[in-house]
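Asker: take a look and give me a structure for this.
(one chain, ligands or ions: 1)
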Amino acid sequence: MIYDIFVIGGGINGCGIARDAVGRGYSVFLAEMNDLASGTSSGSTKLIHGGLRYLEYYEFRLVRESLMEREVLWASAPHIIWPLRFVLPHHAGLRPAWLLRLGLFLYDHIGGRRKLPPTSTLDMTRDPAAKPLKSLYTKAFEYSDCWVNDARLVTLNARDAADRGAVIRTRTKVVSARRDADHWTLTLLDGLTGATEQVRSRLLVNAAGPWVDEVLTGVVGSNNAHNVRLVQGSHIVVKKKFDDPRAYFFQNTDGRIIFAIPYEQDFTLIGTTDQDYHGDPAEVRISDAEIDYLCAAASEYFIQPVNREHVVWTYSGVRPLYDDGASKAQEATRDYVLKADAPEGQAPLLNIFGGKITTFRRLSEHMLEKIEDRLGKRGKPWTATGTLPGGDFAPAGFDDELRKLQADYPFLDVRHAHRLFRLYGTKARVLLGTATSLADLGRHFGSDLYEAEIRYQIEHEWALTAQDVLWRRTKKGLHLSADEAAVLDGFMKNAIDRRRQIAAE
Ligand SMILES: Cc1cc2nc3c(=O)[nH]c(=O)nc-3n(C[C@H](O)[C@H](O)[C@H](O)COP(=O)(O)OP(=O)(O)OC[C@H]3O[C@@H](n4cnc5c(N)ncnc54)[C@H](O)[C@@H]3O)c2cc1C
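Answerer: Next up is the predicted model:
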């Protein structure tokens, strides 16, 4: 068989394109060398946002498209995406209040905002948002964006693509791509067995994120190798710094900004940094200097300072930005660029540079226009109204759906039910099945993690290791001990071996 489209990379862009394409009727094969979302797509700040900061760089196209996506994406997956209000304190000596107000006026009006509430001005001598902050801040602005569980957004796109007929292979590295006139021959290396396999496709999409240039030179054998600027960004997670449900947007004295966001109920997420990166993207780690920078920037605002000792977890990602020659990393464009290498009569290669989590669906639509040019038109654009798995309920209906879930599974405590519905939406019922007690969920691995959830992730979400479960499909890594994680890993190895044996018999 010759597939229509082969996608290299199981991050948000690869999975988004695979889903859109298969939904229009193309045959699709996607290979991811590690786990889904193991690259940049689980290392973001997790905002579906216009990017208020990008207005300063006149990125109006990107900001407008991103703002418009907020409500579209919220409606498509209201379990993993939800509105979040941000408090932006006015800081004397930094951007003047009129400039913040102007930026937020544009933010409210250029992006098709319908359901999200508009900006308001806060009197910080009275507003509860001032409680954890130093008394220096007397005025603030409150505006809307959305929160997203980034890693799950990737997995749900992959799940939907597979449900519609796409082949999704994880732990499968594309090691070479040969152009044979009208088709590509890809050589795939199975990271678990070491076996190789060849697959053919009429068109190749390079959605390898930070590895996009490496795929061009090392896999495709092209000389076109300097398109991407790798920019590291890191986050720290500390024990909850405040009870307010709103997030904070803090301006720093160096002209940058950071966020402090309520995270996983008990924590605060603080980030991010921006610095050029030259190493292997798989090895990116937070540096001491970044930890100090984030602690100092947050301590400028919070009454209780943030210290190294408060840090319970960190993560880092590498932005695969299009190299537009900007002098500073923070100034490099956040917009995406799609570049075709498609000589007439030969199988096309389409490369992606840049792209936000926020813009993945529009990026996919733009990519599909390029695909249609080469492979001929099939179905129409459809993802603006299609829901992702588990997201088939009204965007404002989360609390009602959660109540129904609790009524049907009264043995779940509120936190547990809430967590399951946030991660799986209506699919939580598939995971819970006919259970009438916690014992029916099988083996207990610590915190509120039970066998039924692990089996669901193995069967439906390509989870293979404890790492996949604890740091991507859930964030239970924040709650399980190293011993508990090791037990889970052993259990998963056995469960997966057993599945393989059964499949082979
Ligand atoms: C610190 C930080 C904060 C961010 N915050 C936000 C935010 O709040 N909101 C937002 O919208 N965006 C944000 N972004 C941007 C966003 O995260 C990225 O632009 C996006 O995740 C890139 O997705 P991708 O699919 O292109 O790349 P990736 O997620 O890296 O996916 C590429 C995949 O390709 C695979 N791959 C590479 N080579 C091969 C091969 N040879 N064979 C098979 N597979 C291969 C890799 O393993 C990887 O999984 C942030 C980024 C960073 C770093």
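
Asker: now the closest residue to the ligand within the stretch 401-505 of the chain: closest residue in space that isn't a chain neighbour?
Answerer: Here the residue of the stretch 401-505 of the chain nearest the ligand is residue 472; by CB to the nearest ligand atom that distance is 10.7 Å. In this view, the C-beta of every residue, glycine as well, is placed from N, C-alpha and C. With sequence-adjacent residues excluded and distances taken as CB to CB, 6 or more residues apart in numbering, residue 472 is closest to residue 151, at 4.2 Å.

Asker: for the record, mean pLDDT for the particular helix or strand that has that neighbour in it?
Answerer: Element membership for residue 151, per DSSP states H and E: helix 150-163. The predicted model assigns helix 150-163 a mean pLDDT of 98.

Asker: same deal with stretch 353-360?
Answerer: 96.

Asker: what's that stretch in contact with?
Answerer: With contacts defined as CB atoms under 8 Å, 6 or more residues apart in numbering, stretch 353-360 is touched by 12-13, 16, 41, 44, 46-51, 62, 65-66, 69-70, 73, 148, 150, 153, 157, 212, 227-228, 319-323, 333-339, 363.

Asker: and stretch 35-43 with the ligand, contact?
Answerer: Yes: applying CB under 6 Å from any ligand atom, one finds stretch 35-43 touching the ligand at 38, 39, 40, 41, 43.

Asker: got a quick PyMOL command for the buried subset of the residues you listed?
Answerer: Entered in PyMOL, the line below selects the buried ones among those, by 16 or more other CB atoms under 10 Å:
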select buried, resi 38+39+40+41+43
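
Asker: how many other residues sit next to the residue of the stretch 401-505 of the chain closest to the ligand?
Answerer: 25 (other CB atoms under 10 Å).

Asker: and residue 429, by the same measure?
Answerer: 16.

Asker: now the residues of stretch 35-43 next to the ligand in JSON lines, with pLDDT and secondary structure?
Answerer: Converted to JSON lines, those look like this (pLDDT from 0 to 100; DSSP: H, G, I helix; E, B strand; the rest coil):
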{"residue": "38", "pLDDT": "98", "secondary structure": "coil"}
{"residue": "39", "pLDDT": "98", "secondary structure": "coil"}
{"residue": "40", "pLDDT": "98", "secondary structure": "helix"}
{"residue": "41", "pLDDT": "98", "secondary structure": "helix"}
{"residue": "43", "pLDDT": "98", "secondary structure": "coil"}
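
Asker: quick one: which of the residues of stretch 35-43 next to the ligand is nearest residue 486?
Answerer: Of all the residues of stretch 35-43 next to the ligand, residue 486 sits closest to residue 38, with 20.0 Å by CB to CB.

Asker: where does the chain come near the ligand, residue by residue?
Answerer: 8-14, 31-34, 38-41, 43-47, 49, 173-174, 207-211, 215, 219, 233, 272, 317-320, 355-358.

Asker: just the strands from the stretch 101-250 of the chain, written as ranges.
Answerer: 120-123, 139-148, 167-169, 172-180, 183-190, 196-206, 228-239, 247-251 (DSSP state E, counting those that start in this stretch).

Asker: what sits against the residue nearest to residue 472?
Answerer: Residues near residue 151 by CB under 8 Å, 6+ apart: 36, 37, 41, 42, 472, 473.

Asker: what's the most centrally placed residue in the chain in contact with, if anything?
Answerer: Nearest to the geometric centre of the chain sits residue 150, at 2.4 Å (CA atoms, centre = their mean). Residue 150 is in contact with 12, 37, 41, 42, 43, 44, 46, 357, counting by CB under 8 Å, 6+ apart.

Asker: quick one: the residue nearest to the fourth one when sequence neighbours are not counted from residue 315, how far?
Answerer: Which is residue 42. Nearest residue to residue 42, sequence neighbours excluded (CB to CB, 6+ apart): residue 151, at 3.9 Å. To residue 315, residue 151 is 11 Å away according to CB to CB, to the nearest Å.

Asker: need the overlap of contacts for those two.
Answerer: residue 42.

Asker: ok, the residue of the stretch 51-200 of the chain found nearest the ligand - contacts?
Answerer: The nearest approach of the stretch 51-200 of the chain to the ligand comes at residue 174, 3.9 Å away (CB to the nearest ligand atom). By CB under 8 Å, 6+ apart, residue 174 lies in contact with 8, 31, 33, 186, 187, 188, 189, 215, 219.

Asker: which among those end up buried?
Answerer: Buried members of those, scored by 16+ other CB under 10 Å, are 8, 31, 33, 186, 188, 189, 215, 219.

Asker: dump the residues you listed to JSON lines, plus distance to residue 410 and pLDDT.
Answerer: Shown next, in JSON lines, are the buried ones among the contacts of residue 174 (distance: CB to CB, whole Å; pLDDT from 0 to 100):
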{"residue": "8", "distance to residue 410": "46", "pLDDT": "98"}
{"residue": "31", "distance to residue 410": "43", "pLDDT": "98"}
{"residue": "33", "distance to residue 410": "43", "pLDDT": "98"}
{"residue": "186", "distance to residue 410": "50", "pLDDT": "98"}
{"residue": "188", "distance to residue 410": "47", "pLDDT": "98"}
{"residue": "189", "distance to residue 410": "48", "pLDDT": "98"}
{"residue": "215", "distance to residue 410": "50", "pLDDT": "97"}
{"residue": "219", "distance to residue 410": "53", "pLDDT": "95"}
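
Asker: phi first, then psi, for the residue nearest to residue 484 when sequence neighbours are not counted.
Answerer: In space, and not counting its chain neighbours, residue 484 is closest to residue 446: 3.8 Å by CB to CB, 6+ apart. Dihedral pair for residue 446: phi 120, psi 160, per degrees, to the nearest 10.

Asker: please name the bridge partners of residue 446.
Answerer: Counting by DSSP bridges, residue 446 forms beta bridges with residue 449.

Asker: what's the mean pLDDT across stretch 117-124?
Answerer: 98.

Asker: okay, that stretch in PDB with CA atoms only?
Answerer: Output of stretch 117-124 as PDB, limited to C-alpha atoms (Å, rounded to 0.1, in the frame of the first residue of the first chain):
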ATOM      1  CA  PRO A 117     -15.400  37.800  29.600                       C
ATOM      2  CA  PRO A 118     -13.700  41.100  28.700                       C
ATOM      3  CA  THR A 119     -10.900  42.900  30.500                       C
ATOM      4  CA  SER A 120     -11.700  44.700  33.700                       C
ATOM      5  CA  THR A 121      -9.700  47.100  35.900                       C
ATOM      6  CA  LEU A 122      -9.000  45.900  39.500                       C
ATOM      7  CA  ASP A 123      -8.500  48.100  42.500                       C
ATOM      8  CA  MET A 124      -5.800  46.200  44.200                       C
END
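
Asker: neighbouring contacts of it?
Answerer: Outside stretch 117-124, the residues touching it (CB under 8 Å, 6+ apart) are 83, 85, 87, 89, 101, 104-105, 107-108, 129-130, 133, 137-144.

Asker: what of stretch 454-465?
Answerer: Identification of contacts with stretch 454-465 by CB under 8 Å, 6+ apart yields 35-36, 155, 158-159, 168, 170-171, 192, 424, 427, 430-431, 442, 445, 468-469, 473, 488-489, 491-492, 495-496, 499.

Asker: buried set for that stretch?
Answerer: Per 16+ other CB under 10 Å, stretch 454-465 contains these buried residues: 454, 455, 456, 457, 458, 460, 461, 462, 463, 464, 465.

Asker: need phi/psi at the third one.
Answerer: Torsion angles at residue 456 (phi, psi; degrees, to the nearest 10) stand at phi -60, psi -40.

Asker: not counting sequence-adjacent ones, nearest residue to residue 450?
Answerer: Using CB to CB, 6+ apart, the nearest residue to residue 450 is residue 441, at 3.6 Å.
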